[in-house]
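Peer 1: Have a look at this prediction, sequence included:
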Amino acid sequence: MPSVGFVVFALGTGVVVIVIVIVIVVAVAVVLIVLLVTVSMRGRQMRGAQRRGEARRDLDQANERAARAEQERDTARESGEDLDRAP
């Protein structure tokens, strides 16, 4: 158990104040690191969702183009045109 003289000496020299400041600085640094990691992870999630959305739109457009090409081919065959022959 520290004696009263030691506590008074520690307070007088500012050691306790320095330790408290160090603890506060470390706590703030930890909070900032956690916040940075959280924001970074959220950004990756958003970019991933955006890429999936773009891929889904690209797939939908490709399916629409394929359906249109198939319909045009069927229409051309019904009208008697031969699309397999070279012009």
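Peer 2: Noted; the coordinates are in hand. Owing to the predicted nature of the structure, the values given are computational and were not obtained by experimental measurement.
Peer 1: where do the helices sit along this structure?
Peer 2: Secondary structure of the chain (DSSP state H): helices at 4-13, 15-78.
Peer 1: got those as TSV, with mean pLDDT and mean neighbour count columns?
Peer 2: From N, CA and C alone the C-beta is placed, and that goes for glycine too. What follows is the helices of the chain, written out as TSV (pLDDT from 0 to 100; neighbours: other CB atoms under 10 Å):
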stretch	mean pLDDT	mean neighbour count
helix 4-13	64	10
helix 15-78	89	10
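Peer 1: Could you export stretch 56-66 as PDB, CA atoms only?
Peer 2: Taking C-alpha atoms only, stretch 56-66 is exported to PDB below (Å, rounded to 0.1, in the frame of the first residue of the first chain):
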ATOM      1  CA  ARG A  56     -27.400  -8.600 -62.400                       C
ATOM      2  CA  ARG A  57     -28.300  -5.700 -64.800                       C
ATOM      3  CA  ASP A  58     -25.800  -6.900 -67.300                       C
ATOM      4  CA  LEU A  59     -27.200 -10.400 -67.100                       C
ATOM      5  CA  ASP A  60     -30.800  -9.100 -67.500                       C
ATOM      6  CA  GLN A  61     -29.700  -7.100 -70.600                       C
ATOM      7  CA  ALA A  62     -28.000 -10.100 -72.100                       C
ATOM      8  CA  ASN A  63     -31.100 -12.200 -71.600                       C
ATOM      9  CA  GLU A  64     -33.200  -9.500 -73.200                       C
ATOM     10  CA  ARG A  65     -30.800  -9.300 -76.200                       C
ATOM     11  CA  ALA A  66     -30.900 -13.100 -76.500                       C
END
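Peer 1: Make residue 1 into 26 and carry on from there
Peer 2: In the new count, where the first residue is 26, that last one comes out as stretch 81-91.
Peer 1: residues making contact with that stretch?
Peer 2: Applying CB atoms under 8 Å, 6 or more residues apart in numbering, stretch 81-91 has no contact partners.
Peer 1: Tell me how far it lies from the chain's centre.
Peer 2: Centre-to-centre, stretch 81-91 and its host chain are 26 Å apart (CA atoms, centre = their mean, to the nearest Å).
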